[in-house]
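Peer 1: After the sequence you'll find the predicted model.
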Amino acid sequence: MIYALDSDILSYMVKSDRAVQANFDKLVGDDDSYAIPPLVYYEVKRGLTYKNATTKLKLFENFYENSVQNDVMSVQIWKKAIDLYVMLKAKGRLIGDGDIFIASFCIVNDYTLITNNTTHYDNIPELNKVNIV
């Protein structure tokens, strides 16, 4: 199985939160791997770069280097994002575009999203998600 990390989880990881790291290690283990969606990469790296958080940037880059590097935002992902937007808007449950893109990336690639913001994604039944916080 491949897990995808949401921005909030990566924030815990670069802060060296021991409990989240232990839960991550237990979940992913030796048999699974993880990916960082392109939008998550952007969100985390821009924040750390702006803060000039060089130590956390190094941790983040190391974490990224050990991930499944699937940086492709294909047309299929964009189409899924459009479908999710329309479905959520029709239900009156619209979420932010960033969360829609992250969910679409995970659905199209058949990744399970690791997030502490599960309520953001509760109205997307086809998205597999888990909280490790």
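Peer 2: Perfect, thanks for sending it. Please read all numbers here as calculations on a predicted model, not as lab measurements.

Peer 1: Now do the helix ranked longest in the chain: distance to the chain's middle.
Peer 2: Longest helix in the chain, counting residues (DSSP state H): helix 75-91. Remark: helix 75-91 is offset 17 Å from the chain centroid, using C-alpha atoms, centre = their mean, to the nearest Å.

Peer 1: now stretch 93-106
Peer 2: 10 Å.

Peer 1: can you tell me how far the residue of the chain most remote from its centre sits from residue 84?
Peer 2: Farthest-out residue of the chain from its mean C-alpha position, per C-alpha atoms, centre = their mean: residue 90, at 24.6 Å. According to C-beta to C-beta, to the nearest Å, residue 90 and residue 84 sit 11 Å apart. The way it works is simple: take the backbone N, C-alpha and C, and place the C-beta from them, glycine included.

Peer 1: can you tell me which residues contact residue 99?
Peer 2: Shown in contact with residue 99 (C-beta atoms under 8 Å, 6 or more residues apart in numbering): 117, 120, 121.
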